[in-house]
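Trainee: Here is my input, please return the structure:
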Amino acid sequence: MKIILFLFLFTLEIFSQQFYQLIISHSAKEITVDAFNKNGLTYFPVEAFSKELQFKYKTNTESQQLEITFQQYLLKIRPRNSFVVLHSKKDKSEKVLQLPVSTIILKNQLYLPLEYAQNILEKCLGGKILYKRAEKENVKDEQPTSQGEKEIVEKEIPSLETSTLNISVSEKANGTLVKLTSSKKASKVTHTISDDIIKITLPNIFVDEKKLDQTFPKGLVKAMKAVNAENGSELSLLLRKNYSAYEFIEEIVGKEFLITIHNKKFAAYTETKKEKWNFDVIVIDAGHGGKDYGAIGVNNTIEKEINLAVALKVGKLANENLKDVKVVYTRNDDHFVELYKRGKIANENNGKLFISIHCNSAPKKRSDPNGFEVYLLRPGRTEAAIGIAERENRVIEYEDDPKRYQKLTDENFILVSMAHSSSMKYSEKFADMIHQQFKQNISLSPRGVKQAGFYVLVGASMPSVLIETGYVSNPEDASFLKSEKGQQQIAQSIVSAIKSFKSYYDQVIGSE
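Mentor: Below is the predicted model of the structure:
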C-alpha cells in the first residue's frame, strides 16, 4: 500500500508540472528550453541547456551525476542534491557549493533552479546570462499516454493540510540542540536571527500552532512559537541572553533540520589574564605511528614515516624562526599515540594552534586523485570528505578502548564541534593561510579547504587544522612526499603560514 501511495504521489508531482518555453541568452547565442516553476523558482533542464550551447556533457549511469565541460571549468551536478562541485581546470582545485534547494529529476531529466544556479553558470561561461519566458508561452502540460494516468492529471491537487512537525529541545553542557522533523518535505527553508529570536520559515508546511507554543524553564531556548501564514509557517525560538551563536544544519533535505545554539563559554578575558592568550605554544601532531602505519602507497610509501619526517622538520624550522614560540610534539618518534591523548597533550601544554599532519590515499594504488587538502572540524558535507574522515578515524581500532568514541556520531558530533565555535574563525583563517602557502610554494595540486569529522581534532580546545599533504596512492605525489626536498618544502610552507597566522592572531588579540 505504501509503495502504491508513493508511486501515486510521485506520478502526481511529475504530471502536475506546467512546462513553458524559456529563452536563455548568453553572449550572442539565444536558446529555448522547456522549463517549469516550483515554489516560485524557475527550473530548467541542464542537459538541454548544455546541448543547445554545444558544451560537452556526460551522465554517470550508476550515480546519475551529470558532468558539464566548459572552457575553464568542469561542473558536476547530482540529482535530488543541493550540492554541486566546481572543478577548475587551471589550478585543479575543487569547490563544493551548496544551493538553497535540491536539483529535481523529471522523466530522466535533471533540472536546476536557475535563480540560484545563475552565478555558478555565469562563472563557468565567463559572462552574463539572461532569461525570460517566450512571448507566446505555448504552455503545455506533460500529458501521459495511458487513460489511467490521464485521470491523475485531471484530479484536483488536494489543498495543503497541517503537517506533523516534531521538535525536540536538548540541553547539553556546551549548548542546546533543537531538532526539527517534518512529515512533509519543505523546500527553500530559510532562517534569520534578530533581537535574540531565531525565525525559521517553512514554505508549504502548515503546523499545529497550539502544540508548538511552548516555554522552557531553563536552557538557551526560552520559548517557542509557530504561526501559519498563506504560503507556509514560521517557527520562532526566543533565546536567553547567554548564547553566543547558532548554526542551522539540514540533515535530510527538506525533512530534518538541526539548530545548534552555542553557550557563551568563552567570556572576554581581563587584562590580568591576558598573558594566557599569548601565541606562545604550537602543537605538531604527526598522524598515525607505531603499530598504526596509516596509508601505504606506491613504491612502499608509508604514511606514518612521512608524517613524522614533516612534523620534525616543521618543529625545527619553527624553533629557528619563532624564538618566542614553544614547539610541542604529540610524538617525535615512531610510537602509537591514541587520538584522544593527542588533544590532551595539546590542552595540557596550553597550545594556541594544533596542526595534525597526514597523507591521503585512494582505494587503488597508482590512481588519479592527487594534491593536498586542508580540513576543519565540522560534520562532513561531501561523500569524499566523509570517506577520508572515516579512514583517518579507523585508527581507534588500535586503541585499548575504542568505545570512548561511540558518542562522536551524528548529532552528538555536531554538539562536540560546538565547543570549537569560539576558535573556528581562527581555524578558518589558518586553514586558508596554509592552503595559500602550499599553492605558492609546492608543486602539488590544491584541492581546497574542506570540513570533516576527524576525531583527532575534537579534543584540542584551540584553533585546529588537519592537513592531507598529498596522495601516497598517486606516483607523482608519493615521489614528492618521500623526497627530502618535498618534505622540506611542505615544512617551510607550514611554518610560513604559522608566522603569518601569529601576526594576525597577535593583532586581533591585542586589539580586544
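Trainee: Kindly format the C-alpha coordinates of stretch 498-512 as CSV.
Mentor: Extracted C-alpha coordinates of stretch 498-512, given in CSV (Å, rounded to 0.1, in the frame of the first residue of the first chain):
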residue,chain,number,x,y,z
ILE,A,498,52.3,29.8,11.2
LYS,A,499,54.3,33.1,11.1
SER,A,500,51.5,34.9,9.2
PHE,A,501,48.9,33.5,11.5
LYS,A,502,50.9,34.6,14.6
SER,A,503,51.0,38.2,13.3
TYR,A,504,47.2,38.1,12.6
TYR,A,505,46.5,36.4,15.9
ASP,A,506,48.6,38.9,17.9
GLN,A,507,47.0,41.8,16.2
VAL,A,508,43.4,40.6,16.8
ILE,A,509,44.1,39.6,20.5
GLY,A,510,45.9,42.9,21.1
SER,A,511,43.0,44.9,19.8
GLU,A,512,40.4,43.2,22.1
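Trainee: got the contact list for it?
Mentor: Outside stretch 498-512, the residues that touch it by C-beta atoms under 8 Å, 6 or more residues apart in numbering are 268, 274, 277-279, 282, 318, 321-322, 325, 352-353, 355, 426, 429-430, 433, 437. The way it works is simple: take the backbone N, C-alpha and C, and place the C-beta from them, glycine included.
Trainee: Now with 7 Å, please.
Mentor: With C-beta atoms under 7 Å, 6 or more residues apart in numbering as the test, stretch 498-512 has contacts from 277, 279, 282, 318, 321, 322, 353, 426, 429, 430, 433.
Trainee: what about the stretch 351-500 of the chain, any weak spots by pLDDT?
Mentor: Of all residues in the stretch 351-500 of the chain, those with pLDDT under 70 make up the ranges 364-367, 377-424, 451-461.
Trainee: Residue 226 and residue 207 touch, don't they?
Mentor: Yes - under the criterion of C-beta atoms under 7 Å, residue 226 makes contact with residue 207 at 5.0 Å.
Trainee: intersection of neighbour lists for these two?
Mentor: What both residue 226 and residue 207 touch, as defined by C-beta under 7 Å, 6+ apart, is the set residue 233.
Trainee: Burial check on residue 86, number of neighbours?
Mentor: Counted with other C-beta atoms under 10 Å, residues neighbouring residue 86 total 17.
Trainee: circling back: just the ones in strands from the contacts of stretch 498-512, please.
Mentor: 282, 353 (DSSP state E).
Trainee: got a list of what residue 76 touches?
Mentor: Counting by C-beta under 7 Å, 6+ apart, residue 76 makes contact with 65, 67, 84, 85, 87.
Trainee: got TSV for those, with distance to residue 40 too?
Mentor: Formatted as TSV, the contacts of residue 76 follow (distance: C-beta to C-beta, whole Å):
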residue	distance to residue 40
65	27
67	29
84	21
85	26
87	30
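Trainee: which one of these sits closest to residue 259?
Mentor: Checking these against residue 259 with C-beta to C-beta, the nearest one is residue 84 at 24.8 Å.
Trainee: Now the host helix or strand of the closest one: buried residues?
Mentor: Assigned by DSSP states H and E, residue 84 falls within strand 83-88. Of all the residues in strand 83-88, those buried under the rule 16 or more other C-beta atoms under 10 Å are 83, 84, 85, 86, 87.
Trainee: hang on, the earlier thing: nearest to residue 117 among the contacts of stretch 498-512?
Mentor: Nearest to residue 117 among the contacts of stretch 498-512, with distances taken as C-beta to C-beta, is residue 429, at 29.6 Å.
Trainee: The closest one - nearest residue in space that isn't next to it in sequence?
Mentor: The shortest distance from residue 429 to any non-neighbouring residue, by C-beta to C-beta, 6 or more residues apart in numbering, is to residue 504 (6.3 Å).
Trainee: which residue packs closest to residue 329, ignoring adjacent ones?
Mentor: Nearest residue to residue 329, sequence neighbours excluded (C-beta to C-beta, 6+ apart): residue 284, at 5.4 Å.
Trainee: whoops, residue 361 was the one
Mentor: Residue 361 sits nearest to residue 295 (C-beta to C-beta, 6+ apart), 3.5 Å away.
Trainee: if I look at that neighbour, how far off is residue 466?
Mentor: Residue 295 sits 14 Å away from residue 466, going by C-beta to C-beta, to the nearest Å.
Trainee: Looking at the two, which one has more neighbours?
Mentor: Per other C-beta under 10 Å, whichever of residue 295 and residue 466 has more neighbours is residue 466, with 25 against 22.
Trainee: Am I right that that one is in a strand?
Mentor: Yes - under DSSP: H, G, I helix; E, B strand; the rest coil, residue 466 falls within a strand.
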